[in-house]
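[1] give me a model of this one.
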Amino acid sequence: MSHGFLSPTGVEIAFVLVGVVTLGSAIVSVTTRRLVHAALWLVVALGGLAVEYLLLTAEFIAWVQVLIYIGSVVVLLLFGLMLTRAPIGRSPDADSGNRGVALGVAVAAAAALVWVVVDAFRTTWIELDGASAGTTKATGESLFQHWVLPFEALSVLLLAALVGAIVLSRKRAAEGDER
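    Take a look at the predicted model:
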């Protein structure tokens, strides 16, 4: 079966549409001045990534995305926001005034990433020939052989963030008691 750029399938169309929604929610997550809204838009963006994984028939990775990132990381982020008593409404100090520079860097990085990916995979079609390609076993072996250190580093970073939030909340509570 021959694939062409001008004859997309339904899955490819859904992939692009979900990608646009995911990109939009990620942009809103970064640009909003309300911290809780940013966290909730992050949930939408991470959920969109999980749908993309499902469209790529990577069900295990999709469920890991939902359970770990949406279920744990965002909950930890919201827990940290609540512990530090971050402002719920608009935060005037959430904008450093460098939006133009940040936008320029983001556009340049995105353009470079798109250029590299398109140049590297322009005429490549991935066919899953083997029965074990894409299985949970193959994915698990790859994760635990090559990606253990980044996962452990991330877990230590998240633990440090949680401990920092607890320390900050106790410090503020102690200052409130002294007054």
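
[2] from here on, contacts and neighbour counts on C-alpha atoms
    Fine.

[3] any weak-confidence spans in the chain?
    Flagging of the chain using pLDDT under 70 yields the residue ranges 1-7, 84-96, 126-134, 171-179.

[4] please redo it, this time with the cut-off set to 90
    Along the chain, segments meeting pLDDT under 90 span 1-12, 30-40, 56-103, 106, 117-179.

[5] show me where it has strands.
    Under the criterion DSSP state E, the chain carries no strands.

[6] quick one: the helices in the chain?
    10-31, 35-55, 59-64, 74-83, 99-121, 136-146, 148-178 (DSSP state H).

[7] of those, flag the one that's most buried.
    Among the helices of the chain, helix 35-55 has the highest mean neighbour count (mean count of other Cα atoms under 10 Å), at a mean of 20.

[8] now do the same end-to-end measure for stretch 51-67.
    13 Å (Cα to Cα, to the nearest Å).

[9] nearest residue to Phe15 other than its sequence neighbours?
    Excluding the flanking residues, the one nearest Phe15 by Cα to Cα, 6 or more residues apart in numbering is Glu52, at 6.2 Å.

[10] how much space between the residue nearest in space to the middle of the chain and Glu52?
    The residue lying closest to the centre of the chain (Cα atoms, centre = their mean) is Leu46, at 5.0 Å. Relative to Glu52, Leu46 is positioned 10 Å away (Cα to Cα).

[11] and for Ala153?
    25 Å.

[12] could you do Trp63 as well?
    11 Å.
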